[in-house]
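Peer 1: A structural model of the following input is requested.
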Amino acid sequence: MAVKFKIVGLDETRPLDSAIKVAKTRIGNAYNASFESVLRAAFSHPDRMPQLRISKKKKEVPLEEYIDRIYNSYRTGYDSRPSVRTGNPSTTIPDEIIAAILPGLFRGADKAKIDSMISSHTRIMQIEILVGDMLEEYLSEKLQRHGWVCAWGSTVDAVDFVHSDGRMLQVKNSDNSENSSSSRVRNDTVIIKWFRRYSKKVRSFNWEQLTEITGVPDLSEENFQAWCIETIRNNPSIFHDTSENDPPPQLGLNFD
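Peer 2: This next block holds a predicted model:
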């Protein structure tokens, strides 16, 4: 998605050089090779430059401001990765009609049971989001030594990882987790798309394909789940459980 505004001060004949020059000045000592890889991906492909919640009504944005926004989004994404974050309570209010129809679907369920079912559904949705975030951090740790850099904070539109050789990778947790960003690049041959699991097959995962794409040999579901469990153990505040009585579902599969 190309940005909806003009970037004032960007040399359109050499946009990447222009962006890097400003970034080095604005960011100073915090500027590094990883962030430069993100800039290279975004400014070498105008359709991958992030909108960054800048109002579509805004017609012009100074290059300095745009670089600041990209870097702030990148740092915020990195600083709120699962291994160090503190989970927040869900702010989504369940649809009241769910409580109205559940007694008819589950005859004999009392109010406490219905409330527990709704609470469990909310937590499962939170955990599914958490798994996606953990997948991103796990891959960042595994892929970085092979030249792949995470585009933290959605700093390259519809792309999760960029490579020093120019390749771009979009990661999804499941083959059915299509969303607006993935559909936008369906016909874009520049971006490689990978998903972790097959949604209609029991215990069927797609890690071998990622190894073929990245050249990283030690990628597996067992490895990923062990990483997730260890990360939760080291950072128990990663998940905010809104229920005081019913414990959250356990993560992890039995591979025996």
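
Peer 1: mind checking the SS state of the residue of the chain most remote from its centre?
Peer 2: The C-alpha centroid of the chain is most remote from G108, which lies 40.6 Å away (Cα atoms, centre = their mean). Secondary structure assignment for G108 (DSSP: H, G, I helix; E, B strand; the rest coil): coil.

Peer 1: got the contact list for stretch 133-150?
Peer 2: 34, 37-38, 78, 81-83, 160-165, 169, 171, 173, 196, 214-216, 218-219, 224, 227-228, 231 (Cβ atoms under 8 Å, 6 or more residues apart in numbering). Glycine gets a C-beta too; all of them are placed from N, C-alpha and C.

Peer 1: before we move on, which element is the nearest residue to T231 once chain neighbours are set aside in?
Peer 2: Distances taken as Cβ to Cβ, 6 or more residues apart in numbering put S83 closest to T231, at 5.1 Å, once the chain neighbours are dropped. Assigned by DSSP states H and E, S83 falls within no helix or strand.

Peer 1: partners of W148 in the sheet?
Peer 2: Beta-bridge partners for W148, by DSSP bridges, are H163.

Peer 1: distance of it relative to I70?
Peer 2: Going from W148 to I70 by Cβ to Cβ, to the nearest Å gives 19 Å.

Peer 1: repeat that for L39.
Peer 2: On the measure of Cβ to Cβ, L39 and I70 end up 7 Å apart.

Peer 1: low-confidence stretches in the protein?
Peer 2: The chain contains residues with pLDDT under 70 at 1, 178-189, 242-256.
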